[in-house]
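Asks: 3D, please:
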Amino acid sequence: MKNIIKITYLFTLALILGSCSDDDEKLILTTDGASVINTPTNGQEFILNPLEEQTNIAITFSWDHSSYGTPTGIDYSVEIASSGTDFSEARTLATISDTYFTMTIADFNAAVSSLGLSPFIASNVDVRIKSTVGDPSQLPQYSNPITISVTPFTTDLPKIAVPGNHQDWAPDATDPPVPVLAASAFGETDYEGYVWLDGEYKFLAPNQTGEFAWGNTDWGDDGSFNGMLVADDEVNCTATTGYYLVKADTDALTYSAEAHSWGVIGNATPTGWDSDTDMIYDPATQTLRITLDLVAQAAPDNGFKFRVNDDWTINLGDTGADGTMEFSGDNIGVPESGNYTIVLDLSNPREYTYSLTLN
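Replies: Residues are numbered from 1 along each chain as shown. The predicted structure follows:
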């Protein structure tokens, strides 16, 4: 009996001591010291290259452990923000238990671009390390921030504007916006797009922040009107009123403007596959449209398509029926017979769309 009492006493004492130990451990967690950032260093510059392998490492963040007065599990968050914002709209790049974190070019570029930094321009970014313990996060400590310089990039298709008589020579117009041409790929100079022209016009490059304004580089005709561009001593290009496929190569210094009259054709339309029904340009929306009675037809064997100048050389269809256009793509189906408004939107160069709305 005495042995049983003794064992019970010892077990109870162990529980009490264990409980006290847990309480003491909680009590002695204090914010003794925040992390110190080792890399990158304050003032370091990062110029991100879109032509480099995007899985290459762009940056490594490393820091010393924070201290909480006793060994404990710590979570670290890497935070960045536009310089001077006091981290009011910070982005958290990672929350980890390690004291280092690496990012690829693609991931780091996406992260800093999300801050609103302009591509191809050096901007300052503040970095700090936040440490916490517990779940949910407790006892936050912040490292002293550092500031780095980052030049991000964009792989969006390069664009140039086409201001002129057709929009009162206003390159910064927004409603509707100044017409633009797009290159075939990042780094290319073979611009093209559709523009309603009405007399004289020029080509205008964006500035470093992507804005179109007089004072930027611009090009006009060399005076021969044989499709040659110059940036100095140029004269305005010219075209009779109409809708054009406009092309310009700012490296080869050539340009062209080919009048395109778009229409719809197909066994869903009143004239079948025998002739087009011409569409009308709407300057307010920079789109082509027509209201037409259509007959129900199932794609891809039947329906209708868009084509240029009553000829099959240039035509647009919708392969995959996803609302986006492909040259020589599939026929566009009509789900039910009725009166429709058809809109062809060529205002976003190289990314053409359409809509089919039952009235």
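Asks: how much space separates the residue nearest the centre of the chain from Ala182?
Replies: The centre of the chain sits closest to Asp156, judged by CA atoms, centre = their mean, with a distance of 6.7 Å. Applying CB to CB, to the nearest Å, the value for Asp156 to Ala182 is 9 Å. Any C-beta I mention is one placed from the backbone N, CA and C, and that applies to glycine too.
Asks: which residues does the closest residue to Trp214 other than its chain neighbours contact?
Replies: Computed as CB to CB, 6 or more residues apart in numbering, the closest residue to Trp214 that is not its neighbour in sequence is Pro171, at 6.4 Å. Shown in contact with Pro171 (CB atoms under 8 Å, 6 or more residues apart in numbering): Ala161, Pro163, Val178, Leu204, Phe212, Ala213, Trp214, Asn216.
Asks: so the residue nearest to the centre of the chain touches Phe186, yeah?
Replies: Yes: using CB atoms under 8 Å, Asp156 is in contact with Phe186, at 7.4 Å.
Asks: now stretch 249-267: mean pLDDT?
Replies: In this model, stretch 249-267 has a mean pLDDT of 98.
Asks: picking up where we left off before, in three-state terms, label the residue nearest to the centre of the chain for me.
Replies: coil (DSSP: H, G, I helix; E, B strand; the rest coil).
Asks: for it, give its distance to Phe306.
Replies: Using CB to CB, we find Asp156 at a distance of 26 Å from Phe306.
Asks: can you give me the helices in the stretch 51-200 of the chain?
Replies: 105-113 (DSSP state H, counting those that start in this stretch).
Asks: can you check the stretch 201-350 of the chain too?
Replies: Going by DSSP H, counting those that start in this stretch, the stretch 201-350 of the chain shows no helices.
Asks: low-confidence ranges in it?
Replies: By pLDDT under 70, the stretch 201-350 of the chain has no low-scoring segment.
Asks: which residues in it form strands?
Replies: Taking DSSP state E, counting those that start in this stretch as the criterion, the stretch 201-350 of the chain contains strands spanning 203-204, 218-221, 229-230, 237-249, 254-259, 262-265, 277-278, 280-282, 287-294, 305-308, 311-317, 326-327, 338-345.
Asks: tell me where the stretch 51-200 of the chain is predicted with low confidence.
Replies: Judged by pLDDT under 70, the stretches of the stretch 51-200 of the chain that qualify are 136.
Asks: and the closest residue to Phe87 other than its chain neighbours, how far from Pro283?
Replies: Excluding its sequence neighbours, the residue lying closest to Phe87 (CB to CB, 6+ apart) is Ala81, at 4.5 Å. Distance of Ala81 to Pro283, given as CB to CB: 43 Å.
Asks: the two: which has the busier surroundings?
Replies: In terms of neighbours (other CB atoms under 10 Å), Ala81 is the more surrounded of Ala81 and Pro283; the figures are 18 against 11.
Asks: wait, that one touches Leu115, no?
Replies: Yes: with contact defined as CB under 8 Å, Ala81 counts as touching Leu115 (6.9 Å).
Asks: so what sits against both of those two?
Replies: With CB under 8 Å, 6+ apart, Ala81 and Leu115 have common neighbours Glu89, Arg91, Val125.
Asks: turn the residues you listed into TSV, columns for neighbour count and distance to Met228.
Replies: Below are the shared contacts of Ala81 and Leu115 laid out as TSV (neighbours: other CB atoms under 10 Å; distance: CB to CB, whole Å):
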residue	neighbour count	distance to Met228
Glu89	11	48
Arg91	15	47
Val125	22	44
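Asks: okay, now the domains of the chain?
Replies: 37-151, 159-259, 262-358 (automatic domain parsing).
Asks: pipe the ones you listed into TSV and attach distance to Thr31 per row.
Replies: Below are the domains of the chain laid out as TSV (distance: least, CB to CB, whole Å):
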stretch	distance to Thr31
domain 37-151	5
domain 159-259	42
domain 262-358	53
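Asks: picking up where we left off before, Gln167: which of the strands of the stretch 201-350 of the chain is closest?
Replies: strand 203-204 (11.8 Å; CB to CB).
Asks: list of residues touching the closest one?
Replies: For strand 203-204, contacts defined as CB under 8 Å, 6+ apart pick out 160-163, 171, 181, 191, 212, 214, 216-220, 229, 237, 248, 250, 255.
Asks: same thing but 7 Å
Replies: Residues outside strand 203-204 that contact it (CB atoms under 7 Å, 6 or more residues apart in numbering) are Ile160, Ala161, Val162, Pro163, Pro171, Phe212, Asn216, Asp218, Trp219, Ala248.
Asks: same question, stretch 70-89
Replies: For stretch 70-89, the surrounding residues in contact (CB under 7 Å, 6+ apart) are 25, 28-29, 35, 61, 65-66, 90-97, 99, 101, 111, 115-116, 124-133, 137, 147.
Asks: and the residue nearest to Phe87, how far from Leu245?
Replies: Here the criterion is CB to CB. By it, Ala81 lies 45 Å from Leu245.
Asks: for Asp274, same thing?
Replies: 25 Å.
Asks: more neighbours: these two, which one.
Replies: Neighbours around Asp274 and Leu245, counted as other CB under 10 Å, are more numerous at Leu245. The numbers are 18 against 8.
Asks: what's opposite that one in the beta bridge?
Replies: In this structure, Leu245 bridges to Tyr194, Glu258 when assessed by DSSP bridges.
Asks: surely it meets Trp196?
Replies: No: Leu245 is not in contact with Trp196 according to CB atoms under 7 Å; the separation is 11.5 Å.
Asks: contacting residues for Gln297?
Replies: Residues counted as contacts of Gln297 (CB under 7 Å, 6+ apart) are Asn267, Ala268, Gly303, Gly333, Val334.
Asks: good, wrapping up.
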